[in-house]
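Student: Predicted model and sequence below, questions to follow.
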Amino acid sequence: MSDVRIDDLPVRDELRGKSPYGAPQLDVPVRLNTNENPYPLPEPLVERIAERVREAARGLNRYPDRDAVELRTRLAEYLTRTSGYRVGVENVWAANGSNEVIQQLLQTFGGPGRTAIGFEPSYSMHALIARGTGTGWISGPRADDFTIDLPAAEKAIAENQPDVVFVTTPNNPTGNAVPRETVLALYEAAQAAKPSMVVVDEAYIEFSHGDSLLDLLEGRPHLVISRTMSKAFGAAGLRLGYLAAHPAVVDAVQLVRLPYHLSAVTQATALAALEHTDTLLGYVEQLKAERDRLVAELRAIGYEVIESDANFVQFGRFDDAHRAWQRILDRGVLVRDNGVPGWLRVTAGTPEENDAFLDAVRDIKKEQS
Ligand code: PMP
């Protein structure tokens, strides 16, 4: 049995020799490597989830609401309330994490013979989901300071004529937000080239100093805003992502979604979490303050830091980022080496976790000098 490996199987050519995505899940005291929210859900919410799930359990002999109408209505209300831009149930679609939202978008608008572009370094799953859906991937450029170099990006779009353009704001792993004018210019460039779909990945938008780009949906049927409950809602384990777009986009992704993809338990849990939005957004404020403290203290220690609008910070520079990652880990703190040469990424944790991280990087800075 054990002598048969993946490549001995008749797997698709583009999967040969590849490894699955995954940050190391190591058992260390301080884990600041996957941009999770460090605060467990508050006890009253845990109770409410139990109640809602108990109710859902009574109906588990039946398939769930295939269109998740109640959940999409509550998500639309959340978007409207926090952005001031009116979003209706017909504008919202939900899936198991925003990764699944992105997969459905690429199944709908990408696929064999089509391409997608992202401006890298950025969220590496965009490229991997492209590969998984048979969509060709184009690695677009970024400037040395990790902002999007607009003329270079526009040129890449004009030359490659991609079917899908990804813009991640705030960007992961670098943390910086993309200015609204840049997103608008990229949308225009994408329409002139093809026209293609522009997917704005706002997974971290609740942590931003700036506003969501939801209002740009007005009059732009090829724009999609993707969101998640994994970060600001502190519910990475729930697996609930969603998008806002023109109703035609919501109709289109239903051509590829699996029927009943969102379980009744998932829908019940997400609805309970949405009832506690205000408490959960309170944690976001604490995390933003801790993120700002990390930026200031890292700079005071002598590190270079990219301005962050997310719940994580990219810092450097290191001659050998992987070695620095290991030395921080040796001090009991797990951060992320995203493979960006010279840089590492740390997620904002609790004040105690951040103190442990700052002690570790202070130590290694001393050893360096
Ligand atoms: N987009 C970005 C930019 C992310 O960083 C992540 C998670 N790391 C996701 C999407 C996916 O999140 P989820 O599937 O948990 O919603």
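Tutor: Cool, got the structure.
Student: Could you find the closest non-adjacent residue to residue 147?
Tutor: The spatial neighbour of residue 147 that comes closest, neighbours along the chain excluded (Cβ to Cβ, 6 or more residues apart in numbering), is residue 176 at 6.4 Å. C-beta: built from backbone N, CA, C; applies to glycine.
Student: swap that for residue 218, please
Tutor: Of all residues beyond its chain neighbours, the one nearest residue 218 is residue 85 (7.6 Å), with distances taken as Cβ to Cβ, 6+ apart.
Student: Distance check, the one you found against residue 215.
Tutor: Between residue 85 and residue 215 the distance is 4 Å, computed by Cβ to Cβ, to the nearest Å.
Student: Which of those two has more residues huddled nearby?
Tutor: For the pair residue 85 and residue 215, the greater number of neighbours falls to residue 85 (17 against 14), based on other Cβ atoms under 10 Å.
Student: and the most centrally placed residue in the chain, which of the three is it?
Tutor: When the chain is reduced to its mean C-alpha position, the nearest residue by Cα atoms, centre = their mean turns out to be residue 203, at 4.0 Å. Of the three states, residue 203 takes coil under DSSP: H, G, I helix; E, B strand; the rest coil.
Student: Residue 123 against residue 167, yeah?
Tutor: No: with contact taken as Cβ atoms under 8 Å, residue 123 and residue 167 are classed as non-touching, separated by 10.6 Å.
Student: my read: residue 196 touches residue 165, true?
Tutor: Yes: counting by Cβ under 8 Å, residue 165 is a contact partner of residue 196 at 5.9 Å.
Student: After the helix or strand that residue 323 is a member of, which helix or strand is next?
Tutor: Secondary-structure assignment from DSSP states H and E places residue 323 in helix 321-330. Following the chain from helix 321-330 toward its C-terminal end, the next helix or strand by DSSP H and E is strand 333-334.
Student: Next SSE downstream of that following strand?
Tutor: With elements assigned by DSSP H and E, the helix or strand that comes after strand 333-334 is strand 343-347.
Student: Please spell out which residues along whichever helix or strand comes after that following strand are buried.
Tutor: Counting by DSSP H and E, the element after strand 343-347 in chain order, helix or strand, is helix 351-368. Within helix 351-368, the residues that qualify as buried are 353, 354, 356, 357, 358, 360, 361, 364, counting by 16 or more other Cβ atoms under 10 Å.
Student: OK, contacts around the fifth one?
Tutor: The reference is to residue 358. Taking Cβ atoms under 8 Å, 6 or more residues apart in numbering as the definition of contact, the neighbours of residue 358 are 294, 297, 298, 301.
Student: how much space between residue 149 and the ligand?
Tutor: As defined by Cβ to the nearest ligand atom, to the nearest Å, residue 149 lies at a distance of 20 Å from the ligand.
Student: distance of the closest residue to that residue other than its chain neighbours from residue 114?
Tutor: In space, and not counting its chain neighbours, residue 149 is closest to residue 143: 4.2 Å by Cβ to Cβ, 6+ apart. Computed with Cβ to Cβ, the distance linking residue 143 and residue 114 is 27 Å.
Student: what's the burial count for the residue of the chain found nearest the ligand?
Tutor: Residue of the chain nearest the ligand, by Cβ to the nearest ligand atom: residue 97 (2.8 Å). Other residues within reach of residue 97, judged by other Cβ under 10 Å, total 20.
Student: what does residue 263 give?
Tutor: Neighbourhood size, residue 263 [other Cβ under 10 Å]: 15.
Student: if we can go back for a sec, and residue 143 and residue 114? Which one has more around it.
Tutor: residue 114 (18 against 12).
Student: how about that one, what does it touch?
Tutor: Contacts for residue 114 were tallied using Cβ under 8 Å, 6+ apart; they are 135, 136, 163, 164.
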